[in-house]
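> take a look and give me a structure for this.
(chains A, B, C and D)
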Number of protein chains: 2
Amino acid sequence: MRWNELSDERCSLARTLAVVGDRWTLLVLREAFLRVRRFDDFRARLGIARRVLAERLAHLVEEGVLEKQVYQTRPLRHEYRLTQKGLDLYPALLSLVHWGDHHYAGRAGPPVVHTHKTCGHDFHSVLSCSECGEPVGARDVLARPGPGSA
Amino acid sequence: MRWNELSDERCSLARTLAVVGDRWTLLVLREAFLRVRRFDDFRARLGIARRVLAERLAHLVEEGVLEKQVYQTRPLRHEYRLTQKGLDLYPALLSLVHWGDHHYAGRAGPPVVHTHKTCGHDFHSVLSCSECGEPVGARDVLARPGPGSA
DNA sequence: TGACTCAGTCCCATTTCAAGACTTAGTTGG
DNA sequence: CCAACTAAGTCTTGAAATGGGACTGAGTCA
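Coordinates of the predicted model:
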């Protein structure tokens, strides 16, 4: 399978991974969530090769996850901002971060702590059911073919 | 940056991606959550090259995400099962799936529907705060350096 | 005995990646 | 006016990862 053939699949995970599933993209998005917006800032923080960064940003813009906005003319300069579609990735990103915290933080504790502004507490993420609000685990879920499965 | 240098980083996302962040691993885990356990079943369902699958499975076993169990002797055969650590990835995986559903399903609807066995409803995933139980979005969260940040 | 199964390993051509030089448009300092 | 500098890239080149397919080994089945 070629990688961009994934987007043709009828699996939502495959389609998602076709957008954000490569080695660098989620790290780029992590920085975007930390309000990094400019090419050279991404580069400096990630140590990513210029060519690869340029390509990833272009792809994310093409997919509508980031948008390119002019922040100055003369010389013309753009910055990359998360769209709503990009912001929607936050739960997935935070779940991955918290998995890392839980399983790799060691005794020193997690490198980053997240505070929920609404309630003021440090928290970790819990996946819950949109219908009943209860926490959901892997074995509480039944996956069945949906309307878009044919 | 070489990819496995990521595991040295003090960012939990980077450490997580060092384990599950490559092109194939999350698709392998998707199958594992669907109770696929054997080498050739993974292969048949994913179309992944044998070499790459063998390497990914070995890496996941090494990281404790899967475990290798004997399911028959003569000839000796093993299967791969999710450990608790592996099961803990479910929220992240489901969040990615639901992001794909939301943004790429089109009018046909999602290819797979998830039913919450506990309450009996079809649902989508919501990320909520472990402290107050309210849904959490990208801009409700303040990230600060934690104890493991030095 | 010969075909078949499962779980790999090995090899090679193609693709992707990393690192760093180069480019372009404009600004700042002397 | 000239040189140095900045931001956001593109280009080139060698190294690494991937895909596809052949091969292996232990054992079963007809």
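> confirm that residue A:75 sits in a helix.
No. Applying DSSP: H, G, I helix; E, B strand; the rest coil, one finds residue A:75 to be coil, outside a helix.
> now for it, how many residues are close by?
5 (other C-beta atoms under 10 Å in any protein chain shown). (C-beta placed from N, C-alpha, C; glycine too.)
> I'd like to know how far it sits from chain B.
29 Å (C-beta to the nearest C-beta, to the nearest Å).
> kindly report the same for residue A:68.
Look at residue A:68 and chain B: by C-beta to the nearest C-beta, they are 19 Å apart.
> ok, residue A:46 next?
8 Å.
> pLDDT score assigned to that residue?
We have a pLDDT of 90 for residue A:46.
> helix/strand/coil for the closest residue to it other than its chain neighbours?
Here the nearest residue to residue A:46 in space, its sequence neighbours aside, is residue A:27; by C-beta to C-beta, 6 or more residues apart in numbering or on different chains that works out to 5.8 Å. Secondary structure state of residue A:27, per three-state DSSP, is helix.
> so who does residue A:27 touch?
Residues in contact with residue A:27 (C-beta atoms under 8 Å, 6 or more residues apart in numbering or on different chains) are A:46, A:48, B:13, B:14, B:17.
> filter the residues you listed down to the ones close to DNA strand C.
When the contacts of residue A:27 are filtered against DNA strand C using C-beta under 7 Å from any atom of the strand, the residues retained are residue A:48.
> my read: residue A:124 touches residue A:98, true?
Yes. Using C-beta atoms under 8 Å, residue A:124 is in contact with residue A:98, at 4.9 Å.
> tell me which stretches of chain A form helices.
Assigned by DSSP state H, chain A shows helices spanning A:12-20, A:25-33, A:39-46, A:50-62, A:84-87, A:90-104.
> now do the buried residues in stretch A:56-67.
A:56, A:57, A:59, A:60, A:63, A:65, A:66 (16 or more other C-beta atoms under 10 Å in any protein chain shown).
> kindly report the same for stretch A:32-39.
For stretch A:32-39, a neighbour-count test (16+ other C-beta under 10 Å) marks A:32, A:33, A:36, A:37, A:39 as buried.
> got the helices of chain A as JSON lines, with distance to residue A:146 columns?
Output for the helices of chain A, formatted as JSON lines (distance: least, C-beta to C-beta, whole Å):
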{"stretch": "helix A:12-20", "distance to residue A:146": "9"}
{"stretch": "helix A:25-33", "distance to residue A:146": "26"}
{"stretch": "helix A:39-46", "distance to residue A:146": "36"}
{"stretch": "helix A:50-62", "distance to residue A:146": "27"}
{"stretch": "helix A:84-87", "distance to residue A:146": "21"}
{"stretch": "helix A:90-104", "distance to residue A:146": "19"}
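> so which of those is nearest residue A:129?
helix A:90-104 (13.5 Å; C-beta to C-beta).
> same for the closest one, what does it pack against?
helix A:25-33, strand A:125-129, helix B:12-20, helix B:90-104, strand B:125-129 (3 or more C-beta pairs under 8 Å, 6 or more residues apart in numbering or on different chains; DSSP states H and E).
> buried set for it?
In terms of neighbour count (16+ other C-beta under 10 Å), helix A:90-104 has its buried residues at A:90-101, A:103-104.
> neighbouring contacts of it?
Counting by C-beta under 8 Å, 6+ apart, A:26, A:29-30, A:33, A:110, A:112, A:114, A:124-125, A:127, B:11-17, B:20, B:85, B:88-89, B:91-92, B:95-96, B:99, B:125-127, B:136-138, B:141 sit against helix A:90-104.
> give me that answer again for 7 Å
If you take C-beta atoms under 7 Å, 6 or more residues apart in numbering or on different chains as the criterion, helix A:90-104 is touched by A:26, A:29-30, A:33, A:110, A:124-125, A:127, B:12-13, B:15-16, B:85, B:88-89, B:91-92, B:95-96, B:99, B:125, B:127, B:137-138.
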